[in-house]
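S.K.: Provide a 3D model corresponding to the input given below.
(2 chains)
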Amino acid sequence: MFKLFEPNKIFKITSKAPKYVLFLFIVVLSVGLVEALIISPEDYKQSDAVRIMYVHVPAAWISLGIFSSITLLSICGFVFRNKNFFLISKSLAPSGFVFNIIALVTGSIWGKPTWGTWWAWDARITSMLILALFYAMYLIVWRIYDKEEKVYKISTIITILGIINVPIIKYSVDWWNTLHQPASINILSKSSIHSSMLYPLLIMTAAFALFSLLIFLMKYNTELIKIKNKGLDRL
Amino acid sequence: MINELFFMNGYAVYVLSAFSFTLLSFLGLYLVTKMQFVKEQNKFVAKFGSLTTEQANSAKSQRINKEILANVTNN
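M.R.: Next up is the predicted model:
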């Protein structure tokens, strides 16, 4: 089954896809921005400061999703001895890291008008900061080691250690008394967010997901060309 | 409406700075990734150009190499 996704076979698609994904991203982002900044209502408690949610929450969701995917792919790469899994993980990491930073910075900006402080060593915020450190370590490992086997091993260990932090991030607001509010959106039970705010949030999440797909495709193509460059050296 | 957008009940400075930071981060990441891609593509073309005819034919037998060269020509 994995042969279907071999780089040689899918490059034709991955090399052409970015321009279409970029177009779709711009369209969805434009709609999302209008919804988030103009159409959606203000909150009865937080007033217009609530609009920060439309960039903060999708960024946090996607950074967590990407880290979970990286971990799963790295483990699969190890189990099935397939380099392509590692290549996909490596290509996903930069956008995951940037989304994590966006979640931290926009959260800090949101904290000032709502909590009266830019930063608090709160369980949710601190665990997100730890995730950013794991992302940074993961990216650094790919930069500093040359031997592939060593990189695969160390990067997988980092993701396995880092994934322990993901449920901590998710449940930190339930396990500890935190400044951070509990989740307003639940997949399994009724969400406490009104549809007039939920739809813009989902549109912005779709835009952010498209952006991470765009960066992933561009990065994946770059990595494939890098490998082919090494192949030309060996001719 | 424009006034509302730039005032937002006094929260505009926080809201717009959060959105600006996000969009600038997107732009920065996109440009860095694009630059890395173009750099590797150019390196590939330069290396391909320095191959002998025999080596070039052998390299062209791989579908992915042909695709990379085709993409460069299309761009």
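S.K.: What does the pLDDT read for the one residue sitting closest to the centre of chain B?
M.R.: Residue closest to the mean C-alpha point of chain B, counted by CA atoms, centre = their mean, is residue B:34 at 1.9 Å. Residue B:34 carries a pLDDT score of 97 in this model.
S.K.: Repeat that for the one 10 residues further on.
M.R.: On the pLDDT scale, residue B:44 is placed at 89.
S.K.: pLDDT below threshold where in chain B?
M.R.: In the predicted model, chain B carries pLDDT under 70 at residues B:1, B:73-75.
S.K.: Quick one: name the residues of it near chain A.
M.R.: Chain B comes close to chain A at residues B:1, B:5, B:8-12, B:14-15, B:17-19, B:21-22, B:25-26, B:29-30, B:33-34, B:36-37, B:40-41, B:43-44, B:47-48, B:51, B:55, B:58-59, B:62-65, B:67-68, B:71, as judged by CB under 8 Å from any CB of the partner chain. Heads up, the C-betas are built off the backbone N, CA and C, glycines and all.
S.K.: List buried residues within the residues you listed.
M.R.: B:8, B:11-12, B:14-15, B:18-19, B:21-22, B:25-26, B:29-30, B:33, B:36-37, B:40-41, B:44, B:47-48, B:59, B:64-65, B:67-68, B:71 (16 or more other CB atoms under 10 Å in any protein chain shown).
S.K.: The residue nearest to the centre of chain B against residue A:218, yeah?
M.R.: Yes - counting by CB atoms under 8 Å, residue A:218 is a contact partner of residue B:34 at 6.5 Å.
S.K.: List the contacts of the most centrally placed residue in chain A.
M.R.: Nearest to the geometric centre of chain A sits residue A:63, at 2.5 Å (CA atoms, centre = their mean). When contacts are counted by CB atoms under 8 Å, 6 or more residues apart in numbering or on different chains, residue A:63 touches A:96, A:97, A:99, A:100, A:102, A:103, A:131, A:135.
S.K.: Kindly identify which of those also come near chain B.
M.R.: Answer for the contacts of residue A:63 near chain B (CB under 8 Å from any CB): residue A:102.
S.K.: Closest one to chain B out of the contacts of residue A:63, please.
M.R.: residue A:102 (5.2 Å; CB to the nearest CB).
S.K.: which regions of chain A sit below the pLDDT cut-off?
M.R.: A:1-5, A:187-189, A:235.
S.K.: Quick check: the residue of it nearest chain B.
M.R.: Going by CB to the nearest CB, chain B is nearest to residue A:48 of chain A, at 3.7 Å.
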